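Trainee: Provide a 3D model corresponding to the input given below.
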Amino acid sequence: MFVAGNLLSALATMLDMLLSLYMWIIIIRALISWVNPDPYNPLVQFLYKATEPVLGRVRSWLPMGRIGIDLSPLIVLFTIIFVQKALVSTLHEVAMRMH
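Mentor: Here you go, the predicted model:
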């Protein structure tokens with residue numbers, strides 16, 4: 001049973017790392033949006049391609065109205081933090097109990 005616990009622990013660690021990496025990608029995308037980035041820059045293109053599917057979905061749910069501020073990166077960051085604290089922590093706990 002300890003093998004399954006180790007695999008679950010490794011899965012939780014990898015999920016945590018991937019979520020942290022995506023969180024930083026979202027933060028960099030939000031910071032870059034404050035300036036006028038070159039749309040032909042490969043880094044800017046990567047950031048937009050990596051984040052727009054998620055941010056676009058969140059934007060479609062949010063009533064932007066007359067605010068003029070894109071809150072979708074903030075919502076995505078809060079969601080990532082929630083998943084890290086709830087799901088990843090739970091996976092680690094289950095893995096520890098399997099040892």
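Trainee: let's test this: name the helix or strand in the protein with the lowest mean pLDDT.
Mentor: Here the helix or strand of the chain ranked lowest by mean pLDDT, DSSP states H and E is helix 89-98, holding a mean of 90.
Trainee: give me the buried positions along that one.
Mentor: L91, H92, A95 (16 or more other Cβ atoms under 10 Å). For glycine as for every other residue, the C-beta is placed from the backbone atoms N, C-alpha and C.
Trainee: how far out from the middle of the chain is that helix?
Mentor: Helix 89-98 sits 22 Å away from the centroid of its parent chain (Cα atoms, centre = their mean, to the nearest Å).
Trainee: output the contacting helices and strands for that helix.
Mentor: helix 2-32 (3 or more Cβ pairs under 8 Å, 6 or more residues apart in numbering; DSSP states H and E).
Trainee: how far does the helix it packs on sit from its chain's centre?
Mentor: Using Cα atoms, centre = their mean, the offset of helix 2-32 from its chain centre is 8 Å.
Trainee: how about the buried residues of helix 89-98 in JSON lines, adding distance to S60?
Mentor: Supplementary listing: the buried residues of helix 89-98 in JSON lines, determined by distance: Cβ to Cβ, whole Å:
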{"residue": "L91", "distance to S60": "30"}
{"residue": "H92", "distance to S60": "33"}
{"residue": "A95", "distance to S60": "36"}
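Trainee: kindly indicate which of the residues you listed lies nearest L8.
Mentor: A95 (4.0 Å; Cβ to Cβ).
Trainee: low-confidence ranges in this protein?
Mentor: 65-66 (pLDDT under 70).
Trainee: kindly recompute the last result at 90.
Mentor: Low-confidence regions of the chain, defined by pLDDT under 90, span residues 1-5, 33, 36, 59-71, 92, 95-99.
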